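Colleague: turn this into a structure:
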Amino acid sequence: MKLIRHLMQVALIAIASLVVCALALAYGVSLIDSRFQPVSAFGLTASGNIVLTSSLAVGAPVVLLYGVPVFVALARRGKASWLNVLGAAAFPAAIVAAILPPLALFVIGFSVPVAAAVRKLAWAGPDDSSKPDPLGESA
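Modeller: Numbering: from 1, shown residues only. Predicted coordinates:
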């Protein structure tokens, strides 16, 4: 039950941070395109809407099927250091870079911020009760 709760927590944080990244990119594209395209009530142009939906459609499966399980596995083994988490996040970009290099920047632009948010918000570090008490005092 604890594993399922941790998976759900990480998945919610990861999807929320993916949505934030997708919205930031969509609004950036809309800002550039606003001179050429009408802006919707939400402030997005047609290009911004396409960027938003495609970012979420491509990113969500990657986050849920790769990112969440990898992070939880690292966290459960006590190996969820910043280096390991960001390295695991950069791995898909390395694969994409071998196939289509310009797209790798797009992938890293999403994977690293999402992984950083998950690492910061969902990582349950070592239990404080396991720390040695250097002064020999008890609480």
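Colleague: remind me what the helix or strand that contains I32 packs against, helices and strands.
Modeller: Element membership of I32, judged by DSSP states H and E, is helix 2-33. Applying 3 or more Cβ pairs under 8 Å, 6 or more residues apart in numbering; DSSP states H and E, we find helix 2-33 packed against helix 46-62, helix 68-76, helix 101-122. All C-beta atoms are positioned from the backbone trio N, CA, C, and that covers glycine.
Colleague: who are the packing partners of the second one?
Modeller: If I follow you right, that is helix 68-76. helix 2-33, helix 82-99, helix 101-122.
Colleague: so which bits of it are buried?
Modeller: Judged by neighbour count using 16 or more other Cβ atoms under 10 Å, the buried positions of helix 68-76 are 68, 70-72, 74-75.
Colleague: show me where the chain dips below the pLDDT cut-off.
Modeller: 123-139 (pLDDT under 70).
Colleague: what sits against the residue nearest the centre of it?
Modeller: Nearest to the geometric centre of the chain sits V114, at 1.7 Å (Cα atoms, centre = their mean). Residues counted as contacts of V114 (Cβ atoms under 8 Å, 6 or more residues apart in numbering) are 14, 17-18, 21, 59, 63, 67, 89.
Colleague: and which of the residues you listed is nearest L100?
Modeller: Relative to L100, the closest of the contacts of V114 is G59; by Cβ to Cβ it sits at 16.1 Å.
Colleague: count of neighbours near that closest one?
Modeller: Using other Cβ atoms under 10 Å, G59 has 22 other residues around it.
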